[in-house]
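Participant: model this:
(one chain, ligands or ions: 1)
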Amino acid sequence: MIWKFALLIIAVVTGAASQTVPCPNGYENFADEGLAPVCLKFATTKKATWGEWLTMCQQDNGGHLAIVKGDLHGKIYQHIQNDQDLWDEAFWVGASDAENEGQWVWTDGTPVDMGPPHWDPCDPPQPDGGTAQNYMCLWTPNFYFSSCLNSVTIYAICQI
Ligand SMILES: [Ca+2]
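Facilitator: Predicted coordinates for the structure are as follows:
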């Protein structure tokens, strides 16, 4: 009887651990329940350029700048709304048109969907800035996709 109880405890603890800790320490799972984890970290240790964050995300558990496809954009927006410290900030994510001006691609090589609902439609509509703005950021207050100045230093969203 006792050994049966012990086995039950082990099963429950093991199951709970695999369900509640899908991401490395400091990362949060943004995926819907039952789907493969999408582990993101709002990296607010330092403000730096896109290129610098590309390296720093990699140095943090082998991560990369966040690839924000589909409804992940809305989940990120909701996360920011729930954390007042993030409201006035901006964040690099993993897309660029540095290779071919106007051709935006994610760092996994897939093309970025242009226009609504993700890119900022307001004045001036994004992306803009020509070759001075070759990297994607999410900019306060609406956190649409924007093209940010190559030289600007802001926070980043890293992904594993
Ligand atoms: Ca550009």
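Participant: near the ion, which residues of the protein are found?
Facilitator: Residues of the chain lying close to the ion (CB under 5 Å from the ion) are Asp97, Asn134. Yep, even glycine has a C-beta here, placed from its N, CA and C like the rest.
Participant: buried sites along the lengthiest strand in the chain?
Facilitator: Scanning the chain for the strand with the most residues, using DSSP state E, yields strand 39-48. Of the residues in strand 39-48, those with enough neighbours to count as buried (16 or more other CB atoms under 10 Å) are Cys39, Leu40, Lys41, Phe42, Ala43, Ala48.
Participant: closest to the centroid, which residue in the protein?
Facilitator: Ala66 (3.4 Å; CA atoms, centre = their mean).
Participant: I'd say that residue and Gly94 touch.
Facilitator: Yes. Counting by CB atoms under 8 Å, Ala66 touches Gly94, with 5.8 Å between them.
Participant: what touches both of these two?
Facilitator: Residues touching both Ala66 and Gly94 (CB atoms under 8 Å, 6 or more residues apart in numbering): Gln159.
Participant: which pLDDT value goes with the residue lying closest to Asn61 once chain neighbours are set aside?
Facilitator: Counting by CB to CB, 6 or more residues apart in numbering, the nearest residue to Asn61 once its immediate chain neighbours are dropped is Pro24, at 5.0 Å. pLDDT, Pro24: 94.
Participant: Pro24: which element?
Facilitator: Here Pro24 sits in a region with no helix or strand, counting by DSSP states H and E.
Participant: quick one, what contacts it?
Facilitator: Under the contact definition (CB under 8 Å, 6+ apart), the residues listed for Pro24 are Cys39, Asn61, Ile160.
Participant: same check on Ser147?
Facilitator: Asp97, Gln126, Pro127, Asp128, Gly129, Gln133, Asn134, Tyr135, Met136, Cys137.
Participant: how about the helices in the chain?
Facilitator: Residue ranges of the helices in the chain, as given by DSSP state H, are 2-20, 50-59, 72-81.
Participant: ok, of those helices, where does mean pLDDT dip lowest?
Facilitator: Mean pLDDT across the helices of the chain is lowest at helix 2-20; the value there is a mean of 49.
Participant: so which bits of stretch 118-126 are buried?
Facilitator: Going by neighbour count (16+ other CB under 10 Å), the buried part of stretch 118-126 is His118, Trp119, Asp120, Gln126.
Participant: measure the second one to Val68 for me?
Facilitator: From Trp119 over to Val68 the distance is 12 Å, taken as CB to CB, to the nearest Å.
Participant: what of the first one?
Facilitator: According to CB to CB, His118 stands 8 Å off from Val68.
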